[in-house]
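Asks: My questions concern the predicted model and sequence given below.
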Amino acid sequence: MSKERLYIFDTTLRDGAQTAGVEFSLEDKISILHLLEQLGVDYIEGGYPGANPVDTDFFGSKRTTKAKFTAFGMTKRAGRSAANDPGVQALLNSAAEATCFVAKTWDHQVRVALEISLEENLDNLRDTVAAAIAAGKEALVDCEHFFDGYKNNPDYALLCVRTALEAGARWIVLCDTNGGTMPSEIRDIVTAVRAVAPGERLGIHAHDDTGQAVANTLAAVEAGVRQIQGTLNGIGERCGNANLISIIPTLVLKPHFSARFETGIDATHLQRLTQISRAFDDRLNRAPQRQAPYVGGSAFATKAGIHASALLKDFSTYEHVPPESVGNERSIMVSQQAGKSNLLTALARHGINLGKDDRRLERLLAEVKDRESRGYSYDGADASFAVLAHEVLGTLPQYFQVENYRTSIERRHNAQGEEITVTEAVVKIRVEGELLMSVAEGNGPINALDLAMRKDLGKYSSRIEDLELVDFKVRILNGGTGAVTRVLVESRDGSGERWYTIGVSPNIIDASFEALYESINYKLLKTETSLGTTEKVA
């Protein structure tokens, strides 16, 4: 019997951006979109073009390669046509393939918030969907406050669904906007909605204000919806959105769902789940939640005792799924079960193939664990992992050596009498015995060091001409003025590839320099591979 298809709609870059303390830059959005593409979601909702410069720039060109690039906005305002509504037109003129319009479906909200009649609200919904379809966009409708609206006036809430369906919307998404609906209510109301709309046209968008967004989403699937909306690590306004990092493995690994449904996420995608979740936390500059389901550092951790003894005999005694199925690893506190399978998978991503019994694997694993105990984290810095792996395995060419470097910061007045800060960096590099010295000024010590390092690499200079520093994030790992600092640097080159490198030190400049140094080494390794000269590891 064929399985029914479930579609995964990610709204991290739109609804997730409502999280207190979270602000996505354009570069952040591009970087996170790449993580979502690696995960294999079907839709990526990138934001609200026209609402702010970042989102407008983000939708200036098509950003996705596989997922459907989706823009969010409101239905047209009353008293004007869709053609004369700047908000609607911003979506229709964007590079988005699909448009998701939020529509009020709670009669109380229509009267109080919009201050229009219920009939006008339906007209706005109908005309907006028609305009999107006429513009060649796939139309989705987020039925805001749907469950509260249904409980207050079920006839009107269902009329909104019917109107969107008849207007040609591909998806009508039922939103638990206030996050207060119980799973049993979700199940009953979705069942009632299916009397007017088929399940293959319905979606669910749940908020986590009672801690039940994941349960509500799964209840909606059981009741018939076939699109699931959520965010990475459950970020979102107030208490957050349904957590796709918990929902996806449940759908794929639990027979209750996997026997009936299929998604666009296969086992290979799923094995990257932990790495993607932790890399996303790195982008947010926050520590991953250790007790997060499936992907947390403690998700498969057991202390010594009867549980550990049973685990060593049969892993299923205290594990509901194999940790490697989601890219995590088993941890028994007395006897750490080394994450060799994870390491082999990570090495394979960089074209390094080792046998499970290769002694160098043990050495690399020990080095990774030692570094992580000192503050390094390679889940979000895959390029640094590649450099470290080649170094430990003895396959990293010695492109250049840094003899020494220094930075100086001077605050002075310019010719106009304005107070300015000037940063200078001096770097001495040795390439095949030749000592090269470069000096550069920048808008800060990190920028100056970056420019100086790349100014003259001798014979390698041409291979890094298109390398640029995109962003760097600083995180303090413990308190006090002597705190250990972790720096995450994002780089890119002319091919469009982006990569992340990491540095750790009590000195923020040293940590930054380490990350910059590894970024250049990764770029040289990358170009070496393209030249076909990288030594193969067997």
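Replies: Happy to help now that I have it.
Asks: Give me the below-cutoff pLDDT ranges for this structure.
Replies: Scanning the chain for pLDDT under 70 picks out 1, 302-318, 331-339, 341, 479-482, 529-538.
Asks: okay, now Ser25: neighbour count?
Replies: 12 (other CB atoms under 10 Å). From N, CA and C alone the C-beta is placed, and that goes for glycine too.
Asks: swap in Gly433?
Replies: 6.
Asks: Need the three-state assignment for Lys369.
Replies: Three-state call for Lys369 (DSSP: H, G, I helix; E, B strand; the rest coil): helix.
Asks: What's the separation between it and Glu362?
Replies: 11 Å (CB to CB, to the nearest Å).
Asks: Contacts for the strand or helix carrying Val426, please.
Replies: Here Val426 sits within strand 419-431, counting by DSSP states H and E. Applying CB atoms under 8 Å, 6 or more residues apart in numbering, the contact partners of strand 419-431 are 399-414, 435-445, 447-449, 451-453, 455-460.
Asks: Same question for stretch 71-79.
Replies: Here stretch 71-79 makes contact (CB under 8 Å, 6+ apart) with 11, 14, 45-51, 59, 82, 85, 87-88, 90-91, 94, 96, 98-103, 114, 116, 120-121, 123-125, 127-128, 131, 142.
Asks: Any quick PyMOL command for the buried ones out of those residues?
Replies: Provided next is the PyMOL selection string for whichever of these are buried by 16 or more other CB atoms under 10 Å:
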select buried, resi 11+14+45+46+47+48+49+50+59+82+85+87+88+90+91+94+96+98+99+100+101+102+103+114+116+121+124+125+127+128+131+142
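Asks: so what's His269 up against?
Replies: By CB under 8 Å, 6+ apart, the residues touching His269 are 38-40.
Asks: Just the buried positions in the helix or strand hosting it, please.
Replies: Using DSSP H and E, the element containing His269 is helix 267-270. Neighbour-count burial for helix 267-270, with 16+ other CB under 10 Å as criterion, is recorded at 269-270.
Asks: Only alpha carbons, please: show whatever helix or strand comes next after that helix as PDB.
Replies: Tracing the chain past helix 267-270, the next element assigned as helix or strand by DSSP H and E is helix 273-283. In PDB, the C-alpha atoms belonging to helix 273-283 read as follows (Å, rounded to 0.1, in the frame of the first residue of the first chain):
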ATOM      1  CA  LEU A 273      19.900  16.300  12.300                       C
ATOM      2  CA  THR A 274      22.100  16.700  15.400                       C
ATOM      3  CA  GLN A 275      24.800  18.600  13.500                       C
ATOM      4  CA  ILE A 276      22.200  20.900  11.900                       C
ATOM      5  CA  SER A 277      20.500  21.600  15.200                       C
ATOM      6  CA  ARG A 278      23.800  22.400  17.000                       C
ATOM      7  CA  ALA A 279      25.100  24.400  14.000                       C
ATOM      8  CA  PHE A 280      21.900  26.500  14.100                       C
ATOM      9  CA  ASP A 281      22.400  27.200  17.800                       C
ATOM     10  CA  ASP A 282      26.000  28.300  16.900                       C
ATOM     11  CA  ARG A 283      24.500  30.800  14.400                       C
END
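Asks: Give me the contact list for helix 273-283.
Replies: Counting by CB under 8 Å, 6+ apart, 12, 28, 31-32, 35, 38-39, 232-233, 245, 248-249, 287-289, 292, 294-295, 326-328, 346, 377, 379-382, 473, 488, 500 sit against helix 273-283.
Asks: So how do I select the buried members of those in PyMOL?
Replies: With 16+ other CB under 10 Å as the criterion, this PyMOL line picks the buried residues out of the contacts of helix 273-283:
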select buried, resi 12+28+31+32+35+38+39+232+233+245+248+249+288+289+292+294+295+326+327+328+346+377+379+380+381+382+473+488+500
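Asks: So which of the contacts of helix 273-283 sit within helices?
Replies: Counted as lying in helices by DSSP state H, out of the contacts of helix 273-283, are 28, 31-32, 35, 38-39, 245, 248-249, 346, 382.
Asks: Need the max-distance pair from these.
Replies: Using CB to CB, the ones in helices among the contacts of helix 273-283 span at most 25.2 Å, a distance reached by Asp28 and Pro249.
Asks: Strands along the stretch 1-150 of the chain, start to end?
Replies: Taking DSSP state E, counting those that start in this stretch as the criterion, the stretch 1-150 of the chain carries its strands at 4-5, 7-10, 43-45, 68-74, 98-104, 138-144.
Asks: for the stretch 201-350 of the chain, same thing?
Replies: Under DSSP E, counting those that start in this stretch, the stretch 201-350 of the chain gives strands at 202-206, 227-230, 261-262, 301-302, 331-332.
Asks: Which among these is found nearest to Thr163?
Replies: strand 202-206 (14.5 Å).
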